[in-house]
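A.B. asks: Generate a structure from the sequence data that follows.
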Amino acid sequence: MIDRVDAYQRRHRWAGLPLAVVYKFGDDEGPYLTALITYYGFLSLFPLLLLLVTVLGFALQDDPGLQQRVLDSALAQFPVIGDQIGANIHSFHGSVPALVAGVVGSLYGGLGVVQAAQNALNRMWGVPRNSRPNPLAARGRSLALLAAGGGAVLATTALSAVTASAGHFGGGVRAAAIAVAVAINVVLFTVAFRVLTARSLSIAQVRTGAVAAAVVWQALQWSGAFLLGHTLKGATATYGMFGLVLGMLAWLYLGAATFVLGAEINVVRDRRLWPRSLLTPFTDNVELTSGDRRAYTSYAETERRKGFQNVDVDFDPPPRDAGG
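C.D. replies: Have a look, this model is predicted:
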């Protein structure tokens, strides 16, 4: 039965390609790459909240009219933040040290996210370590993409909030907002996949993964906006805090997994790392396919650390009782 299933998925692209993407994700330790991106993403959120509160303090200071509008807005109904705003709205004041701390902390976390994404893409594409940018060049590239990508993420998040507010906008506006958000996401993922990889890639090489990641990312943004606007809205401070933290962690992890899996789709398609043998992750007693051999050769070459270092990969014949 296993041999029949294996033979079937090797012959049919619709089955063999997704399996190869999953196997490549496992070979690259995709869950750990995803967790690292999630960690830095979560690390940047608290400085961002500090920055938000500080800017809000500067804006609300000595402005009773704006204070009342904030109290009447949906922001005052969110857990934790809303409670603090309602109780301290008249004592909000901006703080220069808090502003600096928020900017520095957000920048550190944001750069960590992009650096982790660079590392993940270079590993997935099999870029040898000696061919990757030096630490200063890598951070310069990350800073440039962070400046451009941060605005795009904010724009698509705002559009997702529009689509989640079904009662306030018509169907035409919501459809247009979704289309624009997906288009921006496609451009963002295409640029990220190309710029953050230390090898020359064309749009055609990253197009499929970018489109797939953009659609899933838009769904995640819409679900996050819906969660904040409906599920957590008006929750108590205690349950709201747990809901925000756990929900944000889950949302960030799913977003990072979307990025990594989108890139894996591109790598598997471009380098023809399929079909894979069905049992190759579980045993040595297996006949490797050409996709298996290309994948395992790439993993060894990725660890090259010097340009004058030679990495040769050979495969011994499989065991005699290996399946065909």
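A.B. asks: Run a quick neighbour tally on Ala137.
C.D. replies: Per other CB atoms under 10 Å, the neighbour tally for Ala137 reads 11. C-beta: built from backbone N, CA, C; applies to glycine.
A.B. asks: how near is it to Ile265?
C.D. replies: 27 Å (CB to CB, to the nearest Å).
A.B. asks: And Ala300, by the same measure?
C.D. replies: Applying CB to CB to Ala300 and Ile265 gives a distance of 23 Å.
A.B. asks: neighbour-wise, which of those two wins?
C.D. replies: Comparing Ala300 with Ile265 by other CB under 10 Å, the one with more neighbours is Ile265, at 22 against 12.
A.B. asks: excluding its backbone neighbours, what's nearest that one?
C.D. replies: Of all residues not flanking Ile265 in the chain, Gly209 sits nearest, at 4.1 Å (CB to CB, 6 or more residues apart in numbering).
A.B. asks: Helix, strand, or coil at that neighbour?
C.D. replies: Following DSSP: H, G, I helix; E, B strand; the rest coil, we place Gly209 in the helix state.
A.B. asks: Same question for Leu288.
C.D. replies: coil.
A.B. asks: For it, what are phi and psi?
C.D. replies: phi -70, psi 140 (degrees, to the nearest 10).
A.B. asks: That one touches Pro317, doesn't it?
C.D. replies: No. Leu288 lies out of contact with Pro317 (CB atoms under 8 Å); the separation is 10.3 Å.
A.B. asks: With neighbour numbers in mind, choose between the two.
C.D. replies: Using other CB under 10 Å as the criterion, Leu288 and Pro317 rank with Leu288 on top: 17 against 7.
A.B. asks: and that one, how far is that from Thr280?
C.D. replies: From Leu288 to Thr280 the distance is 7 Å (CB to CB).
A.B. asks: where along the protein do the helices fall?
C.D. replies: 2-11, 13-27, 30-60, 64-71, 81-88, 96-124, 135-164, 171-195, 203-226, 237-270, 290-302 (DSSP state H).
A.B. asks: I figured Trp125 hits Arg194, correct?
C.D. replies: No. The pair Trp125 / Arg194 is not scored as a contact, 11.0 Å apart, by CB under 8 Å.
A.B. asks: okay, and the common contacts of the two?
C.D. replies: Between them, Trp125 and Arg194 have Leu201 as joint contacts when contacts are counted by CB atoms under 8 Å, 6 or more residues apart in numbering.
A.B. asks: ok, and the closest non-adjacent residue to the residue nearest the centre of the chain?
C.D. replies: Most central in the chain under CA atoms, centre = their mean is Ala256, positioned 2.8 Å from the mean C-alpha point. Spatial nearest neighbour of Ala256, chain neighbours left out: Ile37 (3.9 Å); criterion: CB to CB, 6+ apart.
A.B. asks: Could you double-check that that neighbour lies in contact with Ala117?
C.D. replies: Yes. Using CB under 8 Å, Ile37 makes contact with Ala117 at a distance of 6.0 Å.
A.B. asks: Please identify every residue contacting each of the two.
C.D. replies: Phe259.
A.B. asks: Just give the number of residues close to Lys24.
C.D. replies: The burial count for Lys24: 25, using other CB under 10 Å.
A.B. asks: Would you mind confirming that it makes contact with Asp270?
C.D. replies: No. Under the criterion of CB under 8 Å, Lys24 makes no contact with Asp270, lying 11.7 Å away.
A.B. asks: Serialize the helices of the chain to TSV and add fields for mean pLDDT and distance to Asp284.
C.D. replies: Formatted as TSV, those follow (pLDDT from 0 to 100; distance: least, CB to CB, whole Å):
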stretch	mean pLDDT	distance to Asp284
helix 2-11	93	16
helix 13-27	96	15
helix 30-60	82	22
helix 64-71	54	64
helix 81-88	53	54
helix 96-124	89	24
helix 135-164	72	37
helix 171-195	85	34
helix 203-226	88	31
helix 237-270	84	22
helix 290-302	94	12
